[in-house]
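> give me a 3D structure for the following:
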Amino acid sequence: MDDNVSQKGVPMSAATIVEAPMPLVAGVDVGGTKTEAVLLDARGAELSRARVSTRTGPAGVVGSVADAVAAARRAAGPTGRGGLLRAVGVGVPGAVDAATGTVGRAVNLDVEDLDLARRLEAALGCAVVVDNDVNLAAVGLARSRRPSTPSLAFLNLGTGMGAGVVLDGTLLRGTRGAAGEIGHLCFDPRGPRCGCGMTGCLELYASGSGLLRASGGVPVAEVFARAERGEPRSSAIAARFSTALAEAVRVLAQAYDPAVIALGGGVFASERLFLPRVRRVIGEWEASSTFVRSLRIGERLTVVEATSAVAATGAALWAAEIAASTAAGSAPALRR
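Numbers count the residues shown, from 1 in each chain. As a prediction, the model looks like this:
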């Protein structure tokens, strides 16, 4: 039978042919002040982005994610509004049990032990997966690079320091989800006590909060501007920050040996002021150590643009993988 003829032999007009809604996936990055959503089509192409203010507390976080997804669907026009949302990936700061989608202690969100995946599934009517935002940013960077990068480490500097690591195409989490938690490695055993209970942790020196604490609240850009003018206190802070950041990069290079070490987070809005210093520290190590020189760390470094929605994109790509594995009849990788 002609595909454009009904069973009664009456030609079907274009208006009577009903197409199945386009399958869509969304990724959401929940931050302390903003929640950003990315909407992808069935081919993985970005259709739209949207951003809303983050509301804290369990109900606020669930509502913020739902609002961001709805805004992204509206921004995509008829395709977004009429498409079938198959899955949503969500990246959040703090401790996350990716197997259950439960968020543990997320101080900036005023959340403790929130069953986020299940509550969002009820609100959105589709499968939801949840992971740490830095992990999903690493996934987004590895998948979205052209060509894609099977081994990549993403070092995020914001209030604290953390890394997401993708090796051979697989996101590393570890037995307790602690893979990439290099911010709590010791940098100075005589340093101050960290909130984690240890002493002299890397993130006390190489992070936005570490810089503000050391400078007495002076903005990052001003600290490095003063250091360039030779002001002694700022020079000492800048040197310590640069050395600690170089140490974090070297840890990633030696522990995981990724092809790319991507640097991102709010602090990197000022990267032109301090990245040359970091490269000089690494250069000094290379000059004195044939081993460090053989790692060719400097060639692996790249900085993520501040406007990149890498965590939201990574969340969407992960959700797409989960949806595809479910459709194929295999067990989702992390929701067994």
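
> where does the prediction get shaky in the stretch 201-336 of the chain?
Applying pLDDT under 70 to the stretch 201-336 of the chain flags the ranges 306-307, 326-336.

> mind doing that once more with 80?
Filtered on pLDDT under 80, the stretch 201-336 of the chain yields the residue ranges 266-271, 305-308, 322-336.

> all strands of it, in order?
260-264, 301-303 (DSSP state E, counting those that start in this stretch).

> just the stretch 1-150 of the chain next, same as before
Taking DSSP E, counting those that start in this stretch to define them, one finds strands in the stretch 1-150 of the chain at 23-30, 34-40, 46-53, 84-92, 96-97, 102-106, 111-114, 127-132.

> okay, the strands of the stretch 201-336 of the chain in TSV with mean neighbour count next?
To be clear about C-beta, it is placed using only N, CA and C from the backbone, and glycine gets the same treatment. What follows is the strands of the stretch 201-336 of the chain, written out as TSV (neighbours: other C-beta atoms under 10 Å):
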stretch	mean neighbour count
strand 260-264	22
strand 301-303	14
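
> show me the contact partners of the longest helix along the chain.
For the chain, the longest helix by residue count, based on DSSP state H, is helix 232-256. Contacts to helix 232-256, defined as C-beta atoms under 8 Å, 6 or more residues apart in numbering, come from residues 151, 153, 155, 157, 161, 163, 165, 167, 172, 182-183, 185, 187, 202, 205-206, 210-211, 214-215, 218, 223-224, 226-227, 258, 261, 263, 274, 277-278, 280-282, 285, 292, 295, 297, 300-301.

> name the residues of that helix that are buried.
Within helix 232-256, the residues scored as buried using 16 or more other C-beta atoms under 10 Å are 234-235, 237-238, 240-253, 256.

> tell me which of the strands of the stretch 1-150 of the chain sits nearest to residue 76.
Each of these has some distance to residue 76 by C-beta to C-beta; the shortest is strand 46-53, at 4.0 Å.

> so what are the sheet partners of that closest one and their directions?
Sheet pairing of strand 46-53 (DSSP bridges) gives strand 34-40 (antiparallel).

> show me the contact partners of the partner strand.
Contact partners of strand 34-40, identified using C-beta under 8 Å, 6+ apart, comprise 24-29, 46-54, 64-65, 67-69, 71-73, 75-76, 80, 309, 311-313, 315-317, 320.

> which among those count as buried?
By neighbour count, with 16+ other C-beta under 10 Å, the contacts of strand 34-40 hold 24-29, 46-52, 54, 64-65, 67-69, 71-73, 76, 80, 309, 311-313, 315-317, 320 as buried.

> I'd assumed residue 165 was in contact with residue 139.
No. Using C-beta atoms under 8 Å, residue 139 is not in contact with residue 165, being 10.2 Å away.

> neighbour count winner among the two?
Comparing residue 139 with residue 165 by neighbour count (other C-beta atoms under 10 Å), the higher total belongs to residue 139, at 29 against 26.

> contacting residues for the residue nearest to that one when sequence neighbours are not counted?
The shortest distance from residue 139 to any non-neighbouring residue, by C-beta to C-beta, 6 or more residues apart in numbering, is to residue 314 (3.8 Å). Residue 314 makes contact with 27, 89, 91, 135-141, 143, according to C-beta under 8 Å, 6+ apart.

> so how far is residue 265 from residue 245?
11 Å (C-beta to C-beta, to the nearest Å).

> find residues that contact each of the two.
Residues touching both residue 245 and residue 265 (C-beta under 8 Å, 6+ apart): residue 157.

> which other residues reach stretch 68-75?
With C-beta under 8 Å, 6+ apart, stretch 68-75 has contacts from 24, 26, 28, 35-39, 47-52, 80-81, 83, 85, 88, 124.

> wait, doesn't residue 199 sit right on residue 192?
Yes. If you go by C-beta under 8 Å, residue 199 and residue 192 touch, sitting 7.2 Å apart.

> picking up where we left off before, would you turn the contacts of residue 314 into TSV with pLDDT and distance to residue 97?
Output for the contacts of residue 314, formatted as TSV (pLDDT from 0 to 100; distance: C-beta to C-beta, whole Å):
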residue	pLDDT	distance to residue 97
27	96	19
89	96	15
91	94	14
135	93	12
136	93	15
137	92	19
138	94	18
139	90	17
140	89	21
141	91	23
143	85	23
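
> of these, closest to residue 270?
Checking these one by one against residue 270 (C-beta to C-beta), the nearest turns out to be residue 137, at 19.2 Å.
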